[in-house]
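Q: Prediction below, plus the sequence it came from.
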Amino acid sequence: MELVSRMMDGSISYDPKARLEPVSSGAPVKQGDKVERLKDVRMFEECSQRQLRSIARIARVCDAPAGTMLTRADEPGDEFFLILDGSASVDVATEKRGPLRPGAFFGEMSLLDGGPRSATIVAETPVRLLVISRRNFSMLLKEVPGLTQSLLVTLSRRVRQAEESAERMGGASAGL
Ligand code: CMP
């Protein structure tokens, strides 16, 4: 409910058709600069220089102001996001998860299974994101096989968290 009222009062912006703005009002981030940034991302730490260059080629860097809704639960999604700067909150069902910080990624689930977004994610601060489209995401997984491992580890953690919160909620309602 809190989310809906924040959308109504305008403190969270969401336009499902809007694309995030590329960084620096049209001035493209130089490939070399992107590669330098990617070197600092834990998910890419095993990548060779050649792999980093491929990632830099297929990824856009976008900025979004605080309050932007980056994914909306139950809506289709076509992009994978990795946070370069800033933080974002995750709303899953009735729970709010700890913030996602630089190095964290989201949006992989809809790309992997084609289903709708499983959670609503809102920028808590101004964020700088690496954005990868569905088509390029498949290319990325082929190009950097080690990434599949990182995705699986994170997905397993998210499943465990979901089970724990389902148990907590079950326990809470049984106690009513
Ligand atoms: P997707 O379903 O495509 O869009 C919403 C994203 O939220 C989802 O992919 C995951 O990346 C992320 N997400 C889902 N559940 C959790 C969770 N429990 N903790 C952190 N992130 C999550």
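A: Looks like it came in fine. What you see is a predicted model, and the numbers here were worked out from it, not measured in a lab.

Q: now the helix or strand containing residue 152, how far from the chain's geometric center?
A: Secondary structure from DSSP states H and E places residue 152 in helix 146-174. Its chain's C-alpha centre and that of helix 146-174 lie 17 Å apart, by C-alpha atoms, centre = their mean, to the nearest Å.

Q: Only the buried residues of that helix, if you could.
A: For helix 146-174, a neighbour-count test (16 or more other C-beta atoms under 10 Å) marks 147, 150-151, 158, 162 as buried. All C-beta atoms are positioned from the backbone trio N, CA, C, and that covers glycine.

Q: packing partners for that helix?
A: Packing contacts for helix 146-174, counted by 3 or more C-beta pairs under 8 Å, 6 or more residues apart in numbering; DSSP states H and E, involve helix 108-113, helix 134-143.

Q: thinking again about what came up before, among the buried residues of helix 146-174, which has the minimum pLDDT value?
A: Lowest pLDDT within these is found at residue 162 (83).

Q: give me every residue that touches the residue positioned nearest the centre of the chain.
A: Closest residue to the average C-alpha location of the chain: residue 106 at 2.6 Å, with C-alpha atoms, centre = their mean. By C-beta atoms under 8 Å, 6 or more residues apart in numbering, the contact list for residue 106 reads 70-71, 80-81, 88, 90, 100, 119, 121.

Q: Widest-spaced pair of these?
A: 80 and 90 (15.1 Å; C-beta to C-beta).

Q: residues of the one helix or strand residue 52 maps to that come out buried?
A: Taking DSSP H and E as the definition, residue 52 sits inside helix 49-58. For helix 49-58, burial by neighbour count (16+ other C-beta under 10 Å) applies to 51-52, 54-56.
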